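Asker: Return atomic coordinates for the entry below.
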Amino acid sequence: MKTIKFSIVANVTIDEDKLRMIGSLGSEITPETYIESVIKDHVQDRGMMININVLEGDIYKDVKEYQHTLINHKAVEELEQEILDAKACINGNCED
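Answerer: Model prediction:
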């Protein structure tokens with residue numbers, strides 16, 4: 001079965017009361033690991049797989065813009081490769 005991958009940029013906001021609750025759960029549980037767990041559980045419960053990396057910081061707009069840049073760059077590279085792979089050789093003699 002063929003799978004299709006999607007990339008997600010998300011901004012999660014937690015209030016201070018929730019942060020205190022997370023801090024009381026134990027030293028191994030950080031806000032980042034808590035958010036990762038909540039999202040992973042939700043996605044996996046619906047039969048999807050996820051790789052996730054949670055970092056503290058408000059960089060949503062920058063990452064979202066960079067994500068579009070990367071996707072466009074990758075599409076251009078794939079198009080260039082498709083053109084190179086399809087080049088025709090006259091009389092079986094290919095020159096670059």
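Asker: okay, CA-based contacts and neighbour counts for the rest of this
Answerer: Noted.
Asker: With Val63 as the reference, measure out to Val43.
Answerer: Distance check for Val43 against Val63: by C-alpha to C-alpha, to the nearest Å, it reads 22 Å.
Asker: Ile35: neighbouring residues, count only.
Answerer: For Ile35, the neighbour count with other C-alpha atoms under 10 Å is 20.
Asker: Spit out the contact partners of it.
Answerer: Contacts here follow C-alpha atoms under 8 Å, 6 or more residues apart in numbering; on that basis Ile35 touches Val54.
Asker: what comes up buried for the strand or helix carrying it?
Answerer: Secondary-structure assignment from DSSP states H and E places Ile35 in helix 31-45. By neighbour count, and taking 16 or more other C-alpha atoms under 10 Å as the criterion, the buried residues in helix 31-45 are 31, 34-36, 40.
Asker: tell me how far that helix is from the chain's mean position?
Answerer: A distance of 15 Å separates the centroid of the chain from that of helix 31-45, by C-alpha atoms, centre = their mean, to the nearest Å.
Asker: Kindly report the same for stretch 28-42.
Answerer: The offset between the C-alpha centroid of stretch 28-42 and the centroid of the whole chain comes to 16 Å, using C-alpha atoms, centre = their mean.
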